[in-house]
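okay, sequence plus prediction incoming.
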Amino acid sequence: MRSLTVGEATARQDELLALEERASGPAGPRRAEIMARHFRYAGFRAVVAEDAGRLLGFCYGYVSAPGQWWNGEVRRAIGEDRARAVLDGALEIAELHVDPPAQHRGIGRSLLYAVTEGARERHAVLTTDATNRRARALYGSAGFTVLHPTLWNRAVAMVAPLPLAVPS
């Protein structure tokens with residue numbers, strides 16, 4: 001497990017995108033552009049899990065702020081007062097992916113905790129597929145609760161106080 005700088009993440013973007021597609025399916029045509037924009041957001045942080053130089057997983061986030069697409073979507077869903085309280089200035093965990101052959105070994109949990117380690121933000125926020133029981137269980141064990149149950153398609157927004165809870 002190690003951190004990536006913005007420059008390292010940019011240099012490895014094609015590799016990150018390829019892993020994301022293996023883990024989550026085909027990405028949209030603007031996915032590379034969106035990921036590159038994320039790399040430039042304030043508070044960007046990224047971690048990777050590797051074994052003998054092979055990328056096993058990655059996770060990155062940044063400070064959530066008004067004007068960002070996801071922040072705007074969630075803000076509309078939960079209302080301004082709640083958004084100001086838990087969303088603005090939170091650590092937005094934008095991506096967490098583990099290569100399918102490396103899944104079910106605790107890598108996702110390790111990435112989640114590594115990307116939030118030492119965070120100065122009060123909350124972490126993220127979106128996951130509402131039907132993904134494994135992801136929901138992972139996030140729930142780390143202290144995430146539902147912020148909004150139905151954003152679009154099957155997406156659920158979640159929030160957790162930082163530092164994350166230590167699973168029992």
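It's in. Just so you know, these numbers come straight off a predicted model, no measurement behind them.

mind listing the helices in this structure by residue range?
Secondary structure of the chain by DSSP state H: the helices cover 6-11, 13-24, 31-39, 69-78, 80-82, 107-116, 133-141.

and those helices, which is most packed in?
Ranked by mean neighbour count, the helices of the chain are led by helix 107-116 with a mean of 21 (mean count of other CB atoms under 10 Å). For glycine as for every other residue, the C-beta is placed from the backbone atoms N, C-alpha and C.

just checking, which helix or strand of the protein averages the lowest pLDDT?
In the chain, no helix or strand scores lower on mean pLDDT, DSSP states H and E than strand 145-148, which sits at a mean of 90.

so which bits of it are buried?
Judged by neighbour count using 16 or more other CB atoms under 10 Å, the buried positions of strand 145-148 are 147-148.

can you list contacts of it?
Among residues not part of strand 145-148, those counted as contacts by CB atoms under 8 Å, 6 or more residues apart in numbering are 74, 77-78, 86-87, 125, 156-160.

kindly report the same for stretch 17-24.
The contact list for stretch 17-24 (CB under 8 Å, 6+ apart) reads 27, 31-32, 35, 55, 57-58, 95, 97-100, 103.
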